[in-house]
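Colleague: Provided below for reference: sequence and predicted model.
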Amino acid sequence: MAPIPYKTVPVDDLSLAYSESGSGYPIVFINGLASTMDMWNPAVLAKISEKFRVIIFDNRGTGYSSTSDRPFSIPLLAHDTAILMDALGISSAHIVGLSMGASIAQELVLSYPMKVNKLILVAGECGGSESVKAPAEIMAQLIDKSGTIHDVVNRMFFLLFPSTWLATHDPFCYCPEIYETTGDEIVARQMSAYREWTGSFFRLADICSPTLVITGTDDVIIPPVNSHIISGQIPGARIVELPGAGHGLMYQCPERFSDCVLTFLEQ
């Protein structure tokens, strides 16, 4: 596959890179920690863009987006998303947040409720002391960039996918080619913002947008109990657990993931 064609738009003190596909009502996808927009599963984007205008983008400092000296925070990344929507003429949209992107999505809907129609939180947590963290060794592996590229990729695969699935599947056949990069400094700044986020637990009851929470039952990066915590606090929220799926659920089971999203959005 070739690199994703993208455009940039000014957002406050920097420019954000984004890409669009499809047409219709907009749906904005928000990335996770250190992730770039070319990490979204192309099969998922293709299926959803048959029904919707899909917008993906690089958070500040990642991929093709620029950065500044402004301290990173989860509310700031939510603000960036809101300003990007304004720049693209989007007054409201469906929002999909993955992993740390689910935290950003929570801050977005809480700070800018009119901008969020339906909310989909994937493999996320509420932050603060109310969330359940992965063991320290898992987080250490997540940010470990030592060794060769092959070493780094293999470590990531063993975090994203259950060992039982890896035993019978080649993850390279399920994951897209990645052309964008995120520097170590940005990863550290994002990780700091994520760790310092005070969380949303006591504010989740204020969310009025119809909400779907999706998790894999074998997620070791953000334990699935976190999705139950979130769904239990948001009025009327639905939860879907994908059996045998890890944190990389959108690669592991793209059809089931896409069907969950589309069924929820079309109801």
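Modeller: Done, it's in. Numbers count the residues shown, from 1 in each chain.
Colleague: can you tell me how far Phe157 sits from Ile178?
Modeller: For Phe157, the distance to Ile178 equals 13 Å [Cβ to Cβ, to the nearest Å]. Quick note: C-beta positions are derived from backbone N, CA and C, even for glycine.
Colleague: now Tyr25
Modeller: Noted for Tyr25: a distance of 29 Å to Ile178, by Cβ to Cβ.
Colleague: likewise for Val225?
Modeller: Per Cβ to Cβ, Val225 is found 30 Å from Ile178.
Colleague: looking at Phe157 and Ile178, which one has more neighbours?
Modeller: More neighbours surround Phe157 than the other of Phe157 and Ile178, with 18 against 13 (other Cβ atoms under 10 Å).
Colleague: and the strands in the stretch 151-267 of the chain?
Modeller: Remark: strands assigned in the stretch 151-267 of the chain by DSSP state E, counting those that start in this stretch are 211-216, 238-242.
Colleague: from those, which stretch is densest packed?
Modeller: Most buried of the strands of the stretch 151-267 of the chain by mean neighbour count (mean count of other Cβ atoms under 10 Å) is strand 211-216; its value is a mean of 26.
Colleague: what's it in contact with?
Modeller: 118-124, 222, 224, 226-227, 230-231, 234, 236-242, 244-247, 249, 252, 257, 260-261, 264 (Cβ atoms under 8 Å, 6 or more residues apart in numbering).
Colleague: buried members of those residues into PyMOL, please.
Modeller: PyMOL command restricting these to the buried ones, with burial defined by 16 or more other Cβ atoms under 10 Å:
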select buried, resi 118+119+120+121+122+123+124+222+224+226+227+230+231+234+237+239+240+241+242+245+246+247+249+252+257+260+261+264
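Colleague: now intersect the contacts of strand 211-216 with the helices, please.
Modeller: Asn226, Ser227, Ile230, Ser231, Leu249, Gln252, Phe257, Cys260, Val261, Phe264 (DSSP state H).
Colleague: what's the distance between the residue lying closest to the second one once chain neighbours are set aside and Thr8?
Modeller: The spatially closest residue to Ser227, leaving aside those adjacent along the chain, is Thr215, at 3.7 Å (Cβ to Cβ, 6 or more residues apart in numbering). According to Cβ to Cβ, Thr215 stands 33 Å off from Thr8.
Colleague: what's the answer for Pro235, then?
Modeller: Look at Pro235 and Thr8: by Cβ to Cβ, they are 38 Å apart.
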